[in-house]
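The sequence isn't on hand, but the structure is:
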């Protein structure tokens, strides 16, 4: 960074810190992180010991409190306001109060006036009334706003995860990171310079097929019936491969539906989106490609590109939620590199 000074960043709705990992890996200095969830705050503090952490409801964090905690110039604000109100998986309730938490994000932007800010969310946000309002308020504050949907797999993450990235700048135009990877089945003369998508096999390299019960690579206790069901799913299969005597009534009565439920991951492809209960195969395609078990928390963290040295705090349920809610660290790093290029060119 110019003159040897690091650019500074604040992470709002920080969760475990996936975005912060990417920005710190790109040379940014994290000044402050804020989140509502206690375990996420403990995880963040454990891994970013030099960063101040506020654990509490952003609605109750005053402007004066923030100004006292951050006296440095803030170059960048990043964060992902809760997306449940926008998510295609949910009911997309227009009046969901979580849809309005972006207003608190903009409140803090107004306090610190960063040179650039980044919001990460589900793609559905870009079609919402809230996004139109975000653009209006951003313009009133002097920012030019842009948005793009990025697929994490196109940036070296072993996961097909589509995320909207909204960027606001004061000068020139932000250039989104160039895709570095491509689906091997879509290689042509124009993208031969790109690497193939990173696969589940690549992500799990070095992890034992049988969980060693260390560093979150631990087995989930399963009933005899569950194990029998796992054994019935062939490579790449799903719940429709279960014999009738092993199907619960809810599936017997619903012969159609998602082909990902109770599905096995493929060795030679990235995973599908890792969500908060990825250790439960009844929630999606979360069975190990060849072992008769769901993937472990550590395998989920690998698919989210958290380093093995990253330590999580909390119960299995809490850690699963922290991993599933995170921005993949490598995708965050690619975004951070583009943010740094913008700052270098304009400041």
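Thanks, I have the structure now. From a predicted model like this one, the values you see are computed outputs, not experimental measurements.

For the residue sitting furthest away from the middle of the chain, give me its contacts.
Of all residues in the chain, residue 245 has its C-alpha farthest from the mean position, at 37.5 Å, by C-alpha atoms, centre = their mean. In this structure, residue 245 makes contact with no residue, judged by C-beta atoms under 8 Å, 6 or more residues apart in numbering. The way it works is simple: take the backbone N, C-alpha and C, and place the C-beta from them, glycine included.

Residue 103 sits in which helix or strand?
For residue 103, the host element (DSSP states H and E) is helix 102-112.

Can you tell me which helices and strands that helix packs against?
In terms of contact count using 3 or more C-beta pairs under 8 Å, 6 or more residues apart in numbering; DSSP states H and E, helix 102-112 is assigned the packing partners strand 8-12, helix 63-69, strand 76-79, strand 116-121, helix 129-140.

To residue 176, which of these lies closest?
The closest of the helices and strands packed on helix 102-112 to residue 176 is strand 116-121. By C-beta to C-beta, the value is 10.8 Å.

about what we covered before: can you list contacts of the helix holding residue 103?
Taking C-beta under 8 Å, 6+ apart as the criterion, the residues outside helix 102-112 that touch it are 10, 12-13, 58-59, 63, 66-67, 70, 74, 77, 79, 81, 117, 119, 130, 134, 137-138, 141, 168.

And it, how far out from the chain middle?
Centroid displacement of helix 102-112 relative to its chain, using C-alpha atoms, centre = their mean, to the nearest Å, is 21 Å.

for that helix, which positions count as buried?
102, 104, 105, 106, 108, 109, 111, 112 (16 or more other C-beta atoms under 10 Å).

If it's not too much trouble, I'd like the helices and strands packed on helix 102-112 exported to TSV so that mean pLDDT and mean neighbour count sit alongside each entry.
Compiled in TSV, these are given as follows (pLDDT from 0 to 100; neighbours: other C-beta atoms under 10 Å):
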stretch	mean pLDDT	mean neighbour count
strand 8-12	98	26
helix 63-69	96	12
strand 76-79	98	27
strand 116-121	97	25
helix 129-140	94	15
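
Including distance to residue 337, could those go into a markdown table?
As requested, these are exported to a markdown table (distance: least, C-beta to C-beta, whole Å):
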| stretch | distance to residue 337 |
| --- | --- |
| strand 8-12 | 13 |
| helix 63-69 | 27 |
| strand 76-79 | 12 |
| strand 116-121 | 12 |
| helix 129-140 | 23 |
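
the helices in the chain, which residues?
Counting by DSSP state H, the chain has helices at residues 18-25, 38-47, 63-69, 102-112, 129-140, 200-203, 224-232, 249-252, 297-303, 316-325, 329-346.

Please state the offset of the second one from the chain centre?
Relative to the mean C-alpha coordinate of its chain, helix 38-47 is positioned 16 Å out (C-alpha atoms, centre = their mean).

Contacts for that helix next, please.
By C-beta under 8 Å, 6+ apart, the surrounding residues in contact with helix 38-47 are 14-17, 20-21, 33, 35, 51, 53, 55, 310-315, 318-319, 322.

how about a cut-off of 7 Å?
Identification of contacts with helix 38-47 by C-beta atoms under 7 Å, 6 or more residues apart in numbering yields 14-17, 33, 35, 53, 55, 310-314, 318, 322.

likewise stretch 195-211?
Contact with stretch 195-211 is made by 153, 156-158, 180-184, 217-219, 265-271, 289, 291, 296, 298-299, 302-303, as judged by C-beta under 7 Å, 6+ apart.

in the helix or strand of the chain with the lowest mean pLDDT, what's buried?
Counting by mean pLDDT, DSSP states H and E, the weakest-scoring helix or strand in the chain turns out to be helix 249-252, with a mean of 84. By neighbour count, and taking 16+ other C-beta under 10 Å as the criterion, the buried residues in helix 249-252 are residue 251.

what's the spacing between residue 187 and residue 72?
When C-beta to C-beta, to the nearest Å is applied, the distance between residue 187 and residue 72 equals 45 Å.

same check, this time on residue 56
Between residue 56 and residue 72 the distance is 21 Å, computed by C-beta to C-beta.

Then residue 172?
As judged by C-beta to C-beta, residue 172 and residue 72 stand 24 Å apart.

Of the contacts of helix 38-47, which belong to strands?
Among the contacts of helix 38-47, the subset assigned to strands under DSSP state E consists of 33, 35, 53, 55.

Highest neighbour count among those residues?
With neighbours set by other C-beta atoms under 10 Å, the maximum within these is found at residue 33, which has 27 neighbours.

what sits against that residue?
With contacts defined as C-beta under 7 Å, 6+ apart, the neighbours of residue 33 are 11, 14, 17, 20, 44, 48, 51, 53.

And the pLDDT at it?
We note a pLDDT of 98 for residue 33 in this prediction.

going forward, begin numbering at 252 instead of 1
Sure, I'll start numbering at 252, so the last one becomes residue 284.

in the sheet, who's paired with it?
Listed beta-bridge partners, residue 284: residue 262, residue 304 (assigned using DSSP bridges).
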